[in-house]
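Q: Sharing a model prediction with you, sequence too.
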Amino acid sequence: MSHLSERPEKPLVGVPMPHESAALHVTGTALYTDDLVCRTKDVLHAHPVQVMKAHGRITALRTGPALAVPGVVRVLTGADVPGVNDAGMKHDEPLFPDEVMFYGHAVAWVLAETLEAARLGAAAVEVELDELPSLITLEEAIAADSFHGARPVMLTGDVDAGFADSAHVFSGELQFSDQEHFYLETHAALAYVDEAEQVFVQSSTQHPSETQEIVAHVLGLHSHEVTVQCLRMGGGFGGKEMQPHGFAAVAALGARLTGRPVRLRLNRTQDLTMSGKRHGFHARWKIGFDADGRVRALDATLTADGGWSLDLSEPVVARALCHIDNTYWLPNARIAGRIARTNKVSNTAFRGFGGPQGMLVIEDIMGRCAPLLGLDPMELRERNFYQQGQSTPYGQPVVQPERISAVWKKTQDDADIAGRGREIAAFNAAHPHTKRALAITGIKFGISFNLTAFNQGGALVLIYKDGSVLINHGGTEMGQGLHTKMLQVAATTLGIPLHKVRLAPTRTDKVPNTSATAASSGADLNGAAVKNACEQLRERLSEVAATQLGANAADVRIVEGVARTLGGDEELAWDDLVRTAYFQRVQLSAAGFYRTEGLHWDATTFRGAPFKYFAHGAAAAEVEVDGFTGAYRIRRVDIVHDVGDSLSPMIDIGQIEGGFVQGAGWLTLEDMRWDTTDGPHRGRLLTQAASTYKLPSFSEMPEEFNVTLLENATEEGAVYGSKAVGEPPLMLAFSVREALRQAAAAFGPSGVGVELASPATPEAVYWAIQQARQGGAPRGGHDDKGFAVNSGAGYGNTADAEPRAGAKALNGA
């Protein structure tokens, strides 16, 4: 076992514990960024000047009327920026634009004594616009050849030969929806300048170091003149990885210019209309199977809706390409990616970061093609699982293929797939207007940032004379339990009780140059860095204990706050040991660092080993569908997930449950709509409140929800043998969508295949039922060109309209 993964005697990691702030959350005493306003004197409030047109060039911006509004102090415009007028890392996101790029784009900000005065001031600003043509949908952008950023191509094997060897070839397309983060805490920042002209920003950000960098270059300062702190976030889900930087920069600019603290907090409507979403995708594909149903070739083009600027679209598309295989070996593949430029908000990171989009494509293909091949979908998936010695399309060996089968088999057993399958068949035979179905899907999700340089973490651990310990690390807490795990890692490594350890808020003047808390790597990177710092301290203290106990330092063990030697009877309490070390002038602070080893990635050739390991899981979902309305309920879900040796089982199970429900929302409920007409509100987000954007609630939760962690799953080379858990569970919700597909198909003749839009809203399920009743896509039927027509590619943004014809099957290619 590796040093990093080995656990000491009586570890606190692996012990189920509640979230470290759980009591604060439920009592309303947890502080978030905007809660600090009431503790800050003379705060100014910022309000955006939004232009309600999708695209146009600003010809005049008059701020005088706003300054006449009582309480308005200043209007910030591009002329006020002393540094770089840009809020993005790609330098394509002007903080104060001269061209409106989406409906609701903020072109100026009003600062006032009250939020109401700022709102009235913003409404008084006069903006004249020369309107320009706009592209709102992916179809429009593709037709206009409107793309930006890299256009990677992933190649493996000989695709043409693979298709030539295929007994069955199918082609089709799928378009699926974007998704709103809908974190409980909207974007917020509070900035002030101290007497030394140091800029201090409280920000709800997943990436304090990058927020610091953007604020500095907007203000024309160096990074050491800006400090960013994140107390905690009320949810992030990727939406606060890049998007907070501009808001923090506006607050900091206002504070710098007025000499007063500036508070910026978006209300819900502003947050929904100004911040990016999960990327919606369009996929066009062609796949070949041999006579036994094994994939021989895949040719696909994935197009992401990037919105008006690049943001993180390039790495999102890269990860989508890297995950289109999911758990299936693709011996011959050609996968192209591209980013459409539309006049919508700049889409950004969202839990899974492109992985769910890529995996949805292959799972949709499997669900659509299984009936055409005459195979049960579960059997088709099993036949294509990775085996030992096989590699991904980008060249990384899959070193734990047995985990794919292990979670799959365990899920089958726990869910009693065979027995319940017979019960469902009997139910369906007896109920012509209500059908049930049970589907199982698996996941293989790569853990690490694709960009190798981001795979590093830092920590600062301080031991005080009284034996108490303070941890600083580069990760941020957004409710996912990272801080809880870091407390357990520190207490385990030092060998002390948990109450001895406290964790400080994340801030850039304690741990510099940190990576975003993203890519599910927060515990891996920061946990290893905390462990490294604690090990340095433990080694120093072991030397001190050895002199006091008359033993060799290598024989000293610190367990439960007491130092002992192997085979010895003498003891030295932790507090006494620390006090002794202080008087011996032993350093009681340490900076920890960790870099993930063994990674390499060439973005040009799209080859390498970008991931430290893969996380695995499987889920079985049973649904019941009403044939008259398409309404459905999730009767039961069984999940088996591989988290290695869990650092904190209660936290991990909560993440699995939450991730699954969020994924089910994306795939079945959350239907974002935009005004695509040519009227005055073209480009407006129509679903801009919880009243029109349906989020998962208690009524959408599975009636029976069973989550099991895979046992005996130590991950070598990861902190205390654990695996990441943040993003992978979201993709377990594919099982719900596939169960809905099978239930809809059950309304038609045996063996029928149906297409299903994403999100699979009740309307979409209803149309799938209608398709099944009409015979669906009958296997063996041919048109006059010898093609078996398999109609109905799912279009997530038109789920309430009958799906379009789109998929064709060529038998005997």
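A: That came in fine, so what should we check first?
Q: Please report the distance of I362 from L321.
A: With distances defined as CB to CB, to the nearest Å, the gap from I362 to L321 amounts to 12 Å. Heads up, the C-betas are built off the backbone N, CA and C, glycines and all.
Q: which residues in the stretch 651-800 of the chain form strands?
A: Under the criterion DSSP state E, counting those that start in this stretch, the stretch 651-800 of the chain carries strands at the ranges 704-709, 788-790.
Q: between those strands, which gets the lowest average pLDDT?
A: Looking over the strands of the stretch 651-800 of the chain, mean pLDDT reaches its minimum on strand 788-790, with a mean of 33.
Q: Find the residue at the geometric middle of the protein.
A: Taking CA atoms, centre = their mean, the centroid of the chain lies closest to R351, which sits 1.3 Å from it.
Q: Low-confidence regions, the chain specifically.
A: Regions of the chain meeting the criterion pLDDT under 70 cover residues 1, 777-813.
Q: In contact with L756, which residues?
A: Each residue near L756 by CB atoms under 8 Å, 6 or more residues apart in numbering is listed here: D364, G367, R737, L740, R741, A744, A764, V765, A768, G794.
Q: List of residues touching the one helix or strand M486 maps to?
A: With elements delineated by DSSP states H and E, M486 resides in helix 482-494, which encompasses its position. Outside of helix 482-494, the residues within contact range by CB under 8 Å, 6+ apart are 7-8, 11-13, 15, 17-21, 461, 469, 471, 473, 475-477, 497-498, 500-501, 503, 517, 522-523, 526-527, 530-531, 534-535, 537-538, 558, 647-648, 651, 719-720.
Q: Report the buried members of the residues you listed.
A: 7-8, 11-13, 15, 17, 19-21, 461, 469, 471, 473, 475-477, 500-501, 503, 517, 522-523, 526-527, 530-531, 534-535, 537-538, 558, 647-648, 651, 719-720 (16 or more other CB atoms under 10 Å).
Q: so of those residues, which ones are in strands?
A: Assigned to strands by DSSP state E, the following of the buried ones among the contacts of helix 482-494 qualify: V461, V469, I471, H473, V501, L503, I558.
Q: quick check, nearest of the residues you listed to H55?
A: For H55, the nearest member of these is H473. The distance, counting by CB to CB, is 42.9 Å.
Q: hmm, back to that, any chance of a markdown table for the contacts of L756, columns neighbour count?
A: As requested, the contacts of L756 are arranged in a markdown table below (neighbours: other CB atoms under 10 Å):
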| residue | neighbour count |
| --- | --- |
| D364 | 24 |
| G367 | 26 |
| R737 | 30 |
| L740 | 28 |
| R741 | 28 |
| A744 | 32 |
| A764 | 28 |
| V765 | 28 |
| A768 | 28 |
| G794 | 30 |
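Q: before we move on, back to that, of the buried ones among the contacts of helix 482-494, which belong to helices?
A: Among those, DSSP state H puts G522, A523, N526, G527, V530, K531, C534, E535, L537, R538, I651 in helices.
Q: Leaving out chain neighbours, which residue sits closest to the fourth one?
A: Translated: G527. V719 (3.9 Å; CB to CB, 6 or more residues apart in numbering).
Q: hang on, the earlier thing: format the ones in strands among the buried ones among the contacts of helix 482-494 as TSV; extra columns: distance to N428.
A: Compiled in TSV, these are given as follows (distance: CB to CB, whole Å):
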residue	distance to N428
V461	59
V469	60
I471	55
H473	53
V501	55
L503	53
I558	61
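Q: Distance-wise, check the residue found closest to V15 once you drop the neighbours it is linked to in the chain relative to H279.
A: Leaving aside its sequence neighbours, V15 sits nearest to Q488 (CB to CB, 6+ apart; 7.1 Å). Relative to H279, Q488 is positioned 35 Å away (criterion: CB to CB).
Q: now do A439
A: A439 sits 25 Å away from H279 when distances are taken as CB to CB.
Q: neighbour count winner among the two?
A: A side-by-side neighbour count of A439 and H279, using other CB atoms under 10 Å, places H279 first with 31 against 25.
Q: doesn't T303 make contact with the more buried one?
A: No: in this structure H279 lies outside contact range of T303 using CB atoms under 8 Å: 9.6 Å.
Q: same for the helix or strand where M154 lies, what does it pack against?
A: Secondary structure here is read from DSSP H and E; on that basis M154 sits in strand 153-156. The helices and strands touching strand 153-156, judged by 3 or more CB pairs under 8 Å, 6 or more residues apart in numbering; DSSP states H and E, are strand 333-341.
Q: Helices of the stretch 651-800 of the chain, residue ranges please.
A: For the stretch 651-800 of the chain, helices defined by DSSP state H, counting those that start in this stretch occupy the ranges 734-745, 762-773.
Q: Name the nearest residue to A551, ignoring sequence neighbours.
A: Skipping the residues right next to it in sequence, A551 comes nearest to T565 by CB to CB, 6+ apart, at 4.0 Å.
Q: got a list of what the one you found touches?
A: A546, L549, A551, N552, D555, V556, R557.
Q: on that earlier part again, for P371, find the nearest of the helices of the stretch 651-800 of the chain.
A: Short answer: helix 734-745, nearest of the helices of the stretch 651-800 of the chain by CB to CB, at 7.0 Å.
Q: For stretch 258-270, give me every contacting residue.
A: Identification of contacts with stretch 258-270 by CB under 8 Å, 6+ apart yields 33-34, 37, 40-46, 48, 50, 73-74, 104, 109, 111, 186-193, 247-248, 250-252, 254-255, 274-275, 688-690.
Q: Any of those residues buried? List them.
A: Under a neighbour-count criterion of 16+ other CB under 10 Å, the subset of the contacts of stretch 258-270 counted as buried comprises 33-34, 43-46, 48, 50, 73-74, 104, 109, 111, 186-193, 247-248, 250-252, 254-255, 274-275, 688.
Q: Point out the ones among those residues that are inside strands.
A: Counting by DSSP E, the buried ones among the contacts of stretch 258-270 place 44-46, 48, 50, 73-74, 109, 111, 188-193 in strands.
Q: Could you work out the most separated pair of the residues you listed?
A: Q50 and V193 (27.0 Å).
Q: before we move on, back to that, by neighbour count, which of the contacts of T565 wins?
A: Neighbours here are counted as other CB under 10 Å. On that basis the top member of those is V556, with 25 neighbours.
Q: correct me, but it touches R540?
A: No: with the criterion set as CB under 8 Å, V556 and R540 do not qualify as a contacting pair; they are 11.2 Å apart.
Q: Run through the residues that contact the residue lying farthest from the centre of the chain.
A: Each residue of the chain has a distance to the centre, and by CA atoms, centre = their mean the biggest one is for G550: 52.1 Å. Residues in contact with G550 (CB under 8 Å, 6+ apart) are E570.
Q: Apply 10 Å and report the result again.
A: Applying CB atoms under 10 Å, 6 or more residues apart in numbering to G550 gives the contacts T565, G568, E570.
Q: Can you flag which of those belong to helices?
A: Among the contacts of G550, DSSP H puts none in helices.
Q: Alpha carbons only: can I get the helix holding M486 in CSV?
A: As requested, the backbone C-alpha atoms of helix 482-494 are provided in CSV (Å, rounded to 0.1, in the frame of the first residue of the first chain):
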residue,chain,number,x,y,z
LEU,A,482,-14.7,19.3,1.9
HIS,A,483,-13.9,21.1,5.2
THR,A,484,-15.3,18.2,7.2
LYS,A,485,-13.0,15.8,5.4
MET,A,486,-10.0,18.1,5.8
LEU,A,487,-10.6,18.2,9.6
GLN,A,488,-10.7,14.4,9.6
VAL,A,489,-7.5,14.1,7.5
ALA,A,490,-5.6,16.5,9.8
ALA,A,491,-6.8,14.8,13.1
THR,A,492,-5.9,11.4,11.7
THR,A,493,-2.5,12.4,10.5
LEU,A,494,-1.6,14.2,13.7
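Q: which of the residues in it are buried?
A: By neighbour count, and taking 16+ other CB under 10 Å as the criterion, the buried residues in helix 482-494 are 482-494.
Q: so that helix versus helix 649-668, what angle?
A: Relative orientation of helix 482-494 with respect to helix 649-668: 150 degrees, computed using axes from the mean of the first three to the mean of the last three CA atoms, to 10 degrees.
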